[in-house]
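Q: build me a model from this:
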Amino acid sequence: MDYKIGVITSLQTLLEHGIQELRDLELSWIQLNNWDPTLATLENATRVKMLLGSEVRISSLWAGWPPPAVWNFTDGPLTLGIVPACYRYQRMDALKRGMDFASQLGLTDVTTHMGFIPENPSTTEYREVVAAVRELAQYAKHLGLWFNFETGQETPTTLMRIIEDIGTGNLGINLDPANLLLYGKANPVDAVGILGQWIRGVHVKDGLYPTNGRELGRETPVGEGLVNFPVLIPRLLEFGYQGAWIIEREISGPQQKTDIIRAKKMLEEILGS
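A: Below is the predicted model:
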């Protein structure tokens, strides 16, 4: 049975090496990741479709934006996503280019990290972020795309609020349960109860809560962290989730492949039960 299990694959890697590694892993789904807007061309969209053929399907494009990016609690709010005003418009342009690329690929969804969205909805900063995301959401809607927040830097309530405040009808969630732990924002199972109706993508990743106030918690192999997958996955299915289960392991080398294979086996066991 096809449980739509896949991995994150970078556009550059796919263009350079093709899909042999996906064949080795016996995976037929990917989330295509691209941090380099110059690669988001019609020529590369055509090449990607040729490389994947009918063997591999893309759940969504994960669209990055120009640096800097510091993944911690001190410099993160100053550098990540479209929240920092000094980088906002350059990054909005990059995200629009990513949306064009997703449309050329024939996809339905684009995903990104928006940054540390302000918790207080009464601030000027929050209203400016709402205006920026609304512009991006409207651009995506014109292309027939969903625009998805990857969980991490925000509480689930903040994500629910900004989706409600923007109200374009095409904003969704890419649930990364490990990120909710790494950033200390929520218990993943509880987060599904808040965000379930908007979840259009899932990262199968595991991790631990922070141990100090400056650094994120630690990512772990799936099954070794605090994400309760045997409870989380049925909870998602209760909300009608039918999307892909995209395994993410943020290391490199042989151990990454080993951990991906273990995660795939775990998913097959839970989904098949």
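Q: quick one: His17 from Asp109, how far?
A: In this view, His17 and Asp109 are 24 Å apart by C-beta to C-beta, to the nearest Å. (Each C-beta comes from the backbone N, C-alpha and C, glycine too.)
Q: the two: which has the busier surroundings?
A: A direct count of neighbours by other C-beta atoms under 10 Å for His17 and Asp109 places Asp109 higher, at 22 against 12.
Q: just checking, that one touches Ser103?
A: No: proximity of Asp109 to Ser103 does not meet the contact threshold set by C-beta atoms under 8 Å, at 11.1 Å.
Q: could you pull out the helices for the stretch 101-250 of the chain?
A: Applying DSSP state H, counting those that start in this stretch to the stretch 101-250 of the chain gives helices spanning 124-142, 156-166, 177-182, 188-195, 229-238.
Q: hmm, who's touching the longest one?
A: It stands for helix 124-142. Applying C-beta atoms under 8 Å, 6 or more residues apart in numbering, the external contacts of helix 124-142 come out as 82-83, 85, 88, 92, 95-96, 99, 110, 114-115, 117-118, 120, 146-147, 162, 165-166, 168-171.
Q: now which of these would you call buried?
A: Buried members of the contacts of helix 124-142, scored by 16 or more other C-beta atoms under 10 Å, are 82-83, 88, 92, 95-96, 99, 110, 114-115, 117-118, 146-147, 162, 166, 170-171.
Q: quick one: the residue of the chain most remote from its centre from Phe239, how far?
A: Most distant from the centre of the chain: Ser122, at 27.3 Å, with distances by C-alpha atoms, centre = their mean. Note on Ser122: its distance to Phe239, by C-beta to C-beta, is 30 Å.
Q: and what of Ile117?
A: Plainly put, Ile117 is 22 Å away from Phe239 if you go by C-beta to C-beta.
Q: and Gln12, by the same measure?
A: 34 Å.
Q: same thing with Asp165?
A: Relative to Phe239, Asp165 is positioned 22 Å away (criterion: C-beta to C-beta).
Q: CA atoms only for stretch 52-72, dumped as PDB, please.
A: The C-alpha trace of stretch 52-72 is given here as PDB (Å, rounded to 0.1, in the frame of the first residue of the first chain):
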ATOM      1  CA  LEU A  52      10.900  12.300 -11.500                       C
ATOM      2  CA  GLY A  53       8.600  11.000 -14.300                       C
ATOM      3  CA  SER A  54       5.900   8.900 -12.800                       C
ATOM      4  CA  GLU A  55       8.100   7.300 -10.100                       C
ATOM      5  CA  VAL A  56       8.200  10.200  -7.600                       C
ATOM      6  CA  ARG A  57       5.600  12.800  -6.600                       C
ATOM      7  CA  ILE A  58       6.200  16.100  -5.000                       C
ATOM      8  CA  SER A  59       4.000  17.000  -1.900                       C
ATOM      9  CA  SER A  60       5.000  20.600  -1.900                       C
ATOM     10  CA  LEU A  61       7.800  23.100  -2.600                       C
ATOM     11  CA  TRP A  62       9.700  24.200   0.500                       C
ATOM     12  CA  ALA A  63      10.700  27.700  -0.500                       C
ATOM     13  CA  GLY A  64      13.600  29.300   1.300                       C
ATOM     14  CA  TRP A  65      14.800  32.900   1.200                       C
ATOM     15  CA  PRO A  66      18.200  34.800   1.200                       C
ATOM     16  CA  PRO A  67      20.500  34.800   4.300                       C
ATOM     17  CA  PRO A  68      21.200  35.400   7.000                       C
ATOM     18  CA  ALA A  69      19.500  32.700   9.100                       C
ATOM     19  CA  VAL A  70      20.500  31.900  12.700                       C
ATOM     20  CA  TRP A  71      18.500  29.100  14.300                       C
ATOM     21  CA  ASN A  72      18.500  30.000  17.900                       C
END
